[in-house]
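> This is a predicted model, with the sequence first.
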Amino acid sequence: MPAKKPSQPADESDPNSIPTPVEATESSDEIHINIPVVANIVKMAALQVDGVYSVGGTFADGLWETLGAKKGDRGVEVKEDEAENYLIQIHVEMRFGVSIATTAKIVQQTIREQVEAMTSKGVAKVEVFIDGVRMEQPESAKKSAEQWEQQPHTD
């Protein structure tokens, strides 16, 4: 049986051990996610929800575009509060026949989950503005529109 080592008081270090740093060092590395990137995440998350017809695309968004807003930013506004949590506003059009209130709550939840998962930052508020209700276009109307766009211009 090997001989026991004499025990040392807790405040004395073992002379045979390698010292390890006890204090955690602060890293100066930072990651910054631009607001338009977050706005794009918001838009894509909303469009994944069944019952959402479109994001933006209203008269107000046309006005924003003439004032210089980017096409991808239309219908979505993202800000940060004092605690650096996101404050989100989104304008959507719903498909005809869906429960607007239920779909809007799902939009809020989906946006919150996606933004928090992708940015590792909190979302303090998600406001959903319903700007309209649209019918799904019949397939025959879609094909007709595609054919019209493909016709050569003969003027």
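Received it, and whenever you're ready, just let me know what you need. Numbering: from 1, shown residues only.
> Check this protein for its longest strand and report it.
Ranked by residue count under DSSP state E, the longest strand found in the chain is strand 123-134.
> Contacts made by that one with the rest, please.
The contact list for strand 123-134, computed with Cβ atoms under 8 Å, 6 or more residues apart in numbering, reads 53-54, 58, 60, 81, 83, 85-96, 100, 104, 107-108, 111-112, 115-116. The way it works is simple: take the backbone N, C-alpha and C, and place the C-beta from them, glycine included.
> Just the buried ones from those residues?
For the contacts of strand 123-134, a neighbour count by 16 or more other Cβ atoms under 10 Å gives the buried set as 53-54, 58, 86, 88, 90-95, 104, 107-108, 111-112, 115.
> Give me the subset of those residues that lies in helices.
Judged by DSSP state H, these include Ala104, Val107, Gln108, Ile111, Arg112, Val115 as members of helices.
> Report the rounded mean pLDDT for stretch 46-55.
Average pLDDT, stretch 46-55: 96.
> Show me what counts as buried in that stretch.
Buried residues in stretch 46-55, counted by 16+ other Cβ under 10 Å: Ala46, Val49, Gly51, Val52, Tyr53, Ser54, Val55.
> For these, work out which two are farthest apart.
Within the buried residues of stretch 46-55, two members stand farthest from each other by Cβ to Cβ: Gly51 and Val55, at 12.6 Å.
> picking that back up, can you tell me which of the ones in helices among the buried ones among the contacts of strand 123-134 lies closest to Val76?
Distance to Val76 across those (Cβ to Cβ) is lowest for Ile111, with 9.4 Å.
> so what pLDDT did that closest one get?
98.
> Check Lys125 too.
At Lys125, the model reports a pLDDT of 97.
> Heading C-terminal from the one helix or strand in the chain whose mean pLDDT sits lowest, find the next helix or strand.
Sorting the helices and strands of the chain by mean pLDDT, DSSP states H and E puts helix 59-66 at the bottom, at a mean of 54. Toward the C-terminal end, the helix or strand that comes next after helix 59-66 (DSSP states H and E) is strand 76-80.
> Show me what that next one is in contact with.
With contact meaning Cβ under 8 Å, 6+ apart, strand 76-80 is reached by 35, 38-39, 42-43, 55-56, 86-91.
> Any idea which of those the model trusts least?
Among these, Gly56 has the lowest pLDDT, at 87.
> Perfect, that will be all.
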